[in-house]
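Visitor: need the 3D shape of this:
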Amino acid sequence: MFIGMWNFADDHGRMEDKPKQIKMRIFPADDMSMDTIEHMLEELRKNRLIIRYVVGGKRLIQIKGWDHQTINRRGESRFPPPELTEDAVRVHGGHTADTLLEKEKEKEKEYIYCPSGLGHVPNPDMSKPRKPQKQARQKDTPDGFDDWWELYPRKVRRLRAEKAYAAARKRASEQELASGLKNSLSRWKSEKTETEFIPHPATWLNGGGWMDQTSPPPPTKRQTAGYGYVPPI
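Guide: Residues are numbered from 1 along each chain as shown. Next up, the predicted model:
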């Protein structure tokens, strides 16, 4: 592309900065998007091969190192050079090369070129910092719940259990809940209840499990021998 631009620049290496026109002149038969042409021009500018500037609202390009070109009877250019942009600004109200470069540099930070055909896309590294999302206010764990939870054998649905524990504390003290759980633990152990058949913590609390009476273990044959029990012979 850089060599192709030489054919269409004037005797002073200047030309209009029109990506569509440049594409039609240099790549007339190629299927290239304007984003691709813009990207190629920006790469030339970043590598200090061209200067892109504006005078009187007209975007222009100056090919650098053009003085080395041997041109007989060099004609006058229709476009002012970049170093005269300050005077042109006072007359025509354009932008200086420095201000244009500053604006382009700012855009470079905000956008990156995506070669997959999407053109320039926002740069995720330079995007505006997002406001931190407000985290849901965490409620304090009810007093005594952590110790109670450690003892409960079936640890499922902790949040629901916390709510149920807080509600149960309105009906019973922390000691009553802990004592009731120990009674249930003894019963489940004596009955050899498997964990999957133990109620969920919230179910136990909502059902007033701490108030359940621990049933005594079934009497042995020796204990019932004096009450009409006839042992087998």
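
Visitor: from memory residue 37 sits against residue 23, does it?
Guide: Yes. If you go by CB atoms under 8 Å, residue 37 and residue 23 touch, sitting 4.8 Å apart. For every residue, glycine as well, the C-beta is placed using N, CA and C.

Visitor: kindly provide the distance from residue 13 to residue 67.
Guide: 8 Å (CB to CB, to the nearest Å).

Visitor: quick one: which of those two has more around it?
Guide: residue 13 (23 against 8; other CB atoms under 10 Å).

Visitor: is that one in contact with residue 68, as I believe?
Guide: No. The criterion here is CB under 8 Å, and residue 13 misses it with residue 68 at 9.9 Å.

Visitor: buried stuff in stretch 23-43?
Guide: Buried residues in stretch 23-43, counting neighbours by 16 or more other CB atoms under 10 Å, are found at 23, 26, 35-42.

Visitor: sort out which of the residues you listed are in helices and list them.
Guide: Among the buried residues of stretch 23-43, the members falling in helices (DSSP state H) are 23, 26, 35-42.

Visitor: residue ranges with poor pLDDT in the chain?
Guide: Applying pLDDT under 70 to the chain picks out residues 84-139, 213-233.

Visitor: which residue ranges of it form strands?
Guide: Using DSSP state E, the strands of the chain run over 14-16, 50-55, 58-63, 111-114, 119-122.

Visitor: list the neighbouring strands of the third one plus their orientation.
Guide: Yep, that's strand 58-63 we're talking about. Applying DSSP bridges to the sheet, strand 58-63 is found paired with strand 14-16 (antiparallel), strand 50-55 (antiparallel).

Visitor: the last one: which residues count as buried?
Guide: By neighbour count on 16+ other CB under 10 Å, the buried set for strand 50-55 is 50-55.

Visitor: looking at those, spot the one nearest residue 30.
Guide: Nearest to residue 30 out of the buried residues of strand 50-55 is residue 50 (CB to CB; 20.2 Å).

Visitor: report the contact partners of residue 145.
Guide: Residue 145 makes contacts with 161-162, 165-166, as judged by CB atoms under 8 Å, 6 or more residues apart in numbering.

Visitor: let's see that with 7 Å instead.
Guide: Contacts for residue 145 (CB atoms under 7 Å, 6 or more residues apart in numbering) come out as 162, 165.

Visitor: show me the domain layout of the chain.
Guide: Residue ranges for the domains of the chain, per automatic domain parsing: 2-122, 145-211.

Visitor: what residues does stretch 204-215 touch?
Guide: Residues outside stretch 204-215 that contact it (CB under 7 Å, 6+ apart) are 161, 164-165, 168, 172, 176-177, 180-181, 183-184, 186-187, 199.

Visitor: convert the C-alpha atoms of it to CSV, please.
Guide: Written as CSV, here are the backbone C-alpha positions of stretch 204-215 (Å, rounded to 0.1, in the frame of the first residue of the first chain):
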residue,chain,number,x,y,z
TRP,A,204,-35.7,-30.2,61.9
LEU,A,205,-35.7,-26.6,63.1
ASN,A,206,-39.1,-25.6,61.6
GLY,A,207,-40.7,-28.7,63.0
GLY,A,208,-39.5,-28.1,66.5
GLY,A,209,-37.1,-31.0,66.6
TRP,A,210,-35.5,-29.9,69.8
MET,A,211,-38.8,-30.6,71.6
ASP,A,212,-38.9,-34.3,70.5
GLN,A,213,-38.6,-36.7,73.4
THR,A,214,-35.9,-39.3,73.1
SER,A,215,-37.6,-42.7,73.2
